[in-house]
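> could you look at this predicted model? Sequence included:
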Amino acid sequence: MPEPRLFRAAVFDMDGLLLDSERPIRDAWLRAARELGAPLDETGYLEVVGRNQTDSRALLTQRLGGAGAYQALRERAEALLAGMLAARSYAVKAGVIALLQALRERGVPCVVASSTGRAEVERRLQHAGLAAFFGGFSGGDEVARGKPAPDLFLLAAQRAGQRPQDCLVFEDSEHGARGAHAAGMGVVIVPDLKTPSLDARETSLAVLQSLHDSLARLDTWFGVGQRAQSL
């Protein structure tokens, strides 16, 4: 496990970390695969979790046997997902609001680094009432290489106005954790659909059950908060 150090900014993934979106998206794709008789099971689907659309499309196109099969499956999955979300939006995950409020009180800048396209990132977070907590958004469509490459995290650090080594990343996927580590950032993993490998666990500062569990560690990661300093 890496030696602890103090950080100046927090970088957050979105799907599966801030929003409980990975499960309904997975369920839509797997239901569409069953309906169309496509060769995609949960194990195959989990290979693309945390990756950007370009990389996911390439992997699934190969697995499904061609671009036409991929496009048909994607269109059906998107239709199913739209129906599932017609009466509700993605739920905010446990501990998210409490953590973001605590970081705001400490004056810690927060930004998003998501494999989802930037416009969709902003739309989802606005809809969930979380967008105002963030000073910047970075999407998978803004970089040449997606997670696990470090590009997205380096962009996020730039938008946070901090050096990469001064940023602590909160991630749910191993692809994201590897990308953040490659960028020289600290990493905290809060697993969602996939259990992180031993290597990912050993290179992370912590593996938590929920973001709520991070509240007790903020002094260790970001120093004594402004409120405590003023007492």
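Everything's here; your move.

> could you list the domains of this protein?
9-20+90-225, 22-84 (automatic domain parsing).

> would you map the strands across the chain?
9-12, 110-114, 136-139, 167-171, 186-189, 206-207 (DSSP state E).

> contacting residues for D166?
For D166, the contacting residues are 7-9, 157, taking CB atoms under 8 Å, 6 or more residues apart in numbering as the criterion. From N, CA and C alone the C-beta is placed, and that goes for glycine too.

> check contacts around the residue nearest to D192 when sequence neighbours are not counted.
Ranked by CB to CB, 6 or more residues apart in numbering and with sequence neighbours excluded, the top spatial neighbour of D192 is G16, at 3.6 Å. Neighbouring residues of G16 by CB under 8 Å, 6+ apart: 22, 49, 93, 172-173, 192-193.

> and A216, how many neighbours?
For A216, the number of neighbouring residues by other CB atoms under 10 Å comes to 8.

> for it, report the pLDDT, please.
pLDDT, the model's per-residue confidence, is 95 for A216.

> returning to what we had before: I'd like the strands of the chain written out as CSV, with mean neighbour count and distance to A67 added.
Formatted as CSV, the strands of the chain follow (neighbours: other CB atoms under 10 Å; distance: least, CB to CB, whole Å):
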stretch, mean neighbour count, distance to A67
strand 9-12, 28, 33
strand 110-114, 27, 25
strand 136-139, 21, 23
strand 167-171, 27, 30
strand 186-189, 25, 34
strand 206-207, 18, 37
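
> dump the ones you listed to JSON lines, plus distance to L85.
As requested, the strands of the chain are arranged in JSON lines below (distance: least, CB to CB, whole Å):
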{"stretch": "strand 9-12", "distance to L85": "21"}
{"stretch": "strand 110-114", "distance to L85": "18"}
{"stretch": "strand 136-139", "distance to L85": "20"}
{"stretch": "strand 167-171", "distance to L85": "24"}
{"stretch": "strand 186-189", "distance to L85": "27"}
{"stretch": "strand 206-207", "distance to L85": "30"}
